[in-house]
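Engineer: Sequence and predicted structure, then a few things I'm wondering about:
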Amino acid sequence: MELTKIAVATSNKGKLREIRDIFTEAELVSMEELGFTGFIEEKGKNFRANAMIKAEAIAKLYGLPTLADDSGLCVDALNGAPGIFSARFSGEGEAANRRLLLKRMENLTDRRAHFECAVCLYLPDGHTYFGEGKTYGRILYEEIGTSGFGYDSLFFSDDLKKSFGLASEEEKNTVSHRFRALQDLKSKLR
């Protein structure tokens, strides 16, 4: 499938940077570059549904193929939380989200976790394509490193054998949930 210009339905600059680094097959245009200043409510019950809600909204508004992702951190001992609520776990931003996660895990020894991502490419004619990916690791007892965004400094990657907070963008982008979801999507577009 030949796609030359794709809108990306995210206002998260970290996600946008990662998507641009990984998905190089087309020109990617951010919502900000399109002039979108609204809010898209993520009311889906899972990552896939939320990705589609965002992609469909922007595709219908601007008439462009649109790529959206929804992703989050799923902690085994917290029954998968924060999950689809990862970005708004505390309601007070990324640093508060990390503090709340550490507080909830204070006395827990099972630190297993994974990041999960679903991506949706929504075409103006209504056709949709999905990709999904996961990366596994565990939650650290304190933040280690300053790279990345979100929960990266608390996530020890099984693949990299270090915190995503210590990983370079290039390292993270070879094993991340978003990388794997975009690779899965690309395989379905061939």
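Structural biologist: Structure received. Please read these numbers as outputs of a predicted model, since none were measured by experiment.
Engineer: Please count neighbours and contacts with C-alpha atoms only from this point.
Structural biologist: OK.
Engineer: neighbours around His127, how many?
Structural biologist: The tally of other residues near His127 (other Cα atoms under 10 Å) stands at 10.
Engineer: do Ala26 as well
Structural biologist: 13.
Engineer: That one contacts Ala7, correct?
Structural biologist: No - assessed by Cα atoms under 8 Å, Ala26 is found out of contact with Ala7, at 9.9 Å.
Engineer: how far out from the middle of the chain is stretch 61-77?
Structural biologist: With Cα atoms, centre = their mean, to the nearest Å as the basis, stretch 61-77 stands 6 Å off its chain's centre.
Engineer: Would you mind writing the CA trace of that stretch as PDB?
Structural biologist: The C-alpha coordinates for stretch 61-77 follow below in PDB (Å, rounded to 0.1, in the frame of the first residue of the first chain):
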ATOM      1  CA  LEU A  61     -11.800  15.800  10.200                       C
ATOM      2  CA  TYR A  62      -8.800  16.200   7.800                       C
ATOM      3  CA  GLY A  63      -9.500  13.600   5.100                       C
ATOM      4  CA  LEU A  64      -6.000  12.100   5.600                       C
ATOM      5  CA  PRO A  65      -5.000   8.500   6.500                       C
ATOM      6  CA  THR A  66      -4.400   8.700  10.200                       C
ATOM      7  CA  LEU A  67      -2.200   6.700  12.500                       C
ATOM      8  CA  ALA A  68      -3.000   6.600  16.200                       C
ATOM      9  CA  ASP A  69      -1.600   4.600  19.100                       C
ATOM     10  CA  ASP A  70      -2.800   3.900  22.500                       C
ATOM     11  CA  SER A  71      -0.500   2.400  25.000                       C
ATOM     12  CA  GLY A  72       0.200   2.000  28.600                       C
ATOM     13  CA  LEU A  73       2.000   0.200  31.400                       C
ATOM     14  CA  CYS A  74       0.300  -3.000  32.800                       C
ATOM     15  CA  VAL A  75       1.500  -4.200  36.200                       C
ATOM     16  CA  ASP A  76       0.800  -7.800  37.100                       C
ATOM     17  CA  ALA A  77       0.500  -7.200  40.800                       C
END
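Engineer: Past the lowest-mean-pLDDT helix or strand in the chain, which element shows up next along the chain?
Structural biologist: Ranked by mean pLDDT, DSSP states H and E, the helix or strand of the chain with the weakest confidence is helix 13-22, at a mean of 87. Following helix 13-22 in sequence order, the next helix or strand is strand 27-30 (DSSP states H and E).
Engineer: Contacts only, for the most centrally placed residue in the chain.
Structural biologist: Against the mean C-alpha coordinate of the chain, by Cα atoms, centre = their mean, the closest residue is Ser71 at 3.7 Å. By Cα atoms under 8 Å, 6 or more residues apart in numbering, Ser71 lies in contact with Phe47, Gly83, Ile84, Ser86, Phe115, Glu116, Cys117, Ala118, Arg178.
Engineer: Understood, closing this out.
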